[in-house]
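Colleague: fold the stuff below for me.
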Amino acid sequence: MSSRNSQANKAAARERLRAEREREAKRAKTRRQVIVAVSVVGVLAVAGGAGYAIMQAMKPSAWEAAKDKALVKPANSGSDGTTVVIGKPDAKKTLEMYEDPRCPICSQFEQAVGPTVKKDIDAGKYKIQFIGATFIDNGSPGTGSKTALSALGAALNVSPEAFLEYKSALFSAKFHPEETQDKFKDRQYLIDIADTVPALKGNAAFDKAVKDGTYDKWALVMSDKFNKSGVQGTPTLKMDGKKVTAEGSDNAPSDPASFTAAIDKALKG
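Modeller: Below you'll find the model as predicted:
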């Protein structure tokens, strides 16, 4: 092999090596650029996720937001929106009923005495005025009392009869949860219960009002009315400003006989 060919081969080998080094340098540069780009995207994604999480955490809860909503008054709730009086107009006296939807004693009272109350109302013996409470949401943390009271507002907007039937269904043994179970916070559960009330079954306007929380502000205003009443617990019954209680007790009557006796005494007072 001539020295010229040998030198040419060496030069070609050096050129190939130089070109390969350049290609490797370009590949390494590209890899670094990709890594940096991916890292930047990852950091932005994490920052964006953290920002979104912070924004969500700072958003007021649905019930906090409800405080700032305009009050939507259900039909049949008086000029102030919270005077829920049901019964024949010529009934001379009014029985005030203070109840919390999650209250287990209210549930027992409604199951035992509710039919007697309904019969008395229909007979014009007295009217009832309902005042709703939500204090159990504080003692057994949750939102079920408020959400159920809002749904009762939607039922009242349909009719007083629908309201009474729905209230009875909420307090029934079939649907009323344990005090520590916040099942009434589930708006779909409240709609499912309403499907047992003829006037509310398949009622699109009622369903929408429950889902949208149309009467959430109303529930808060009604609850505030209870808080200002001075009543300490539920169920509480009053007539002419005086508590209606079972004989020898400071509690509401828990059976039809003692209830009727207490009511007849109050009506004479």
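
Colleague: need the contact list for K211.
Modeller: R187, I191 (CB atoms under 8 Å, 6 or more residues apart in numbering). Just so you know, the C-beta spots here come from the backbone N, C-alpha and C atoms, and that holds for glycine as well.

Colleague: where's it, which helix or strand?
Modeller: Per DSSP states H and E, K211 falls inside helix 204-212.

Colleague: what residues sit buried inside that helix?
Modeller: For helix 204-212, burial by neighbour count (16 or more other CB atoms under 10 Å) applies to F206, D207, A209, V210.

Colleague: can you read off the pLDDT for the second one?
Modeller: The model reports D207 with a pLDDT of 98.

Colleague: which ones are touching it?
Modeller: I191, A194.

Colleague: quick one: it and A65, what's the gap?
Modeller: 21 Å (CB to CB, to the nearest Å).

Colleague: ok, now the last one?
Modeller: For V210, the distance to A65 under the criterion CB to CB works out to 17 Å.

Colleague: also the first one?
Modeller: Taking CB to CB as the criterion, F206 is separated from A65 by 22 Å.

Colleague: which residues does the spatially most central residue of the chain contact?
Modeller: The centroid of the chain falls nearest to T147 when counting by CA atoms, centre = their mean (3.4 Å). The contact partners of T147, by CB under 8 Å, 6+ apart, come to F184, K185, D186, R187, L190, D216, A219.

Colleague: list only buried entries from the residues you listed.
Modeller: F184, K185, R187, L190, D216, A219.

Colleague: so which residues of the stretch 51-200 of the chain form strands?
Modeller: With DSSP state E, counting those that start in this stretch as the criterion, the stretch 51-200 of the chain has strands at 84-86, 94-99, 127-132.

Colleague: tell me the contacts of A261?
Modeller: Counted by CB under 8 Å, 6+ apart, A261 has contacts E247, P253.

Colleague: quickly find the element holding it.
Modeller: Going by DSSP H and E, A261 is part of helix 256-268.

Colleague: in the stretch 151-269 of the chain, where is pLDDT below threshold?
Modeller: Along the stretch 151-269 of the chain, no part satisfies pLDDT under 70.

Colleague: count the residues that sit near K242.
Modeller: 10 (other CB atoms under 10 Å).

Colleague: quick one: it and A266 touch, right?
Modeller: Yes - using CB atoms under 8 Å, K242 is in contact with A266, at 7.0 Å.

Colleague: show me the helices in the stretch 151-269 of the chain, by range?
Modeller: For the stretch 151-269 of the chain, applying DSSP state H, counting those that start in this stretch gives helices covering 160-170, 187-194, 204-212, 216-227, 256-268.

Colleague: list the contacts of the second one.
Modeller: Which is helix 187-194. 147-148, 151, 155, 166, 169-170, 175, 183-184, 200-201, 203, 206-207, 210-211, 213.

Colleague: distance between it and the chain's centre?
Modeller: 11 Å (CA atoms, centre = their mean, to the nearest Å).

Colleague: that one to helix 160-170, inter-axis angle?
Modeller: 110 degrees (axes from the mean of the first three to the mean of the last three CA atoms, to 10 degrees).

Colleague: list the buried ones in helix 187-194?
Modeller: For helix 187-194, by 16+ other CB under 10 Å, it's R187, Y189, L190, I191, I193, A194.

Colleague: where are the low-confidence patches of the stretch 1-150 of the chain?
Modeller: 1-20, 24-25, 28, 30, 34-60.

Colleague: could you rerun that using 50?
Modeller: 1-5, 38, 40-41, 43-47, 50, 52-59 (pLDDT under 50).
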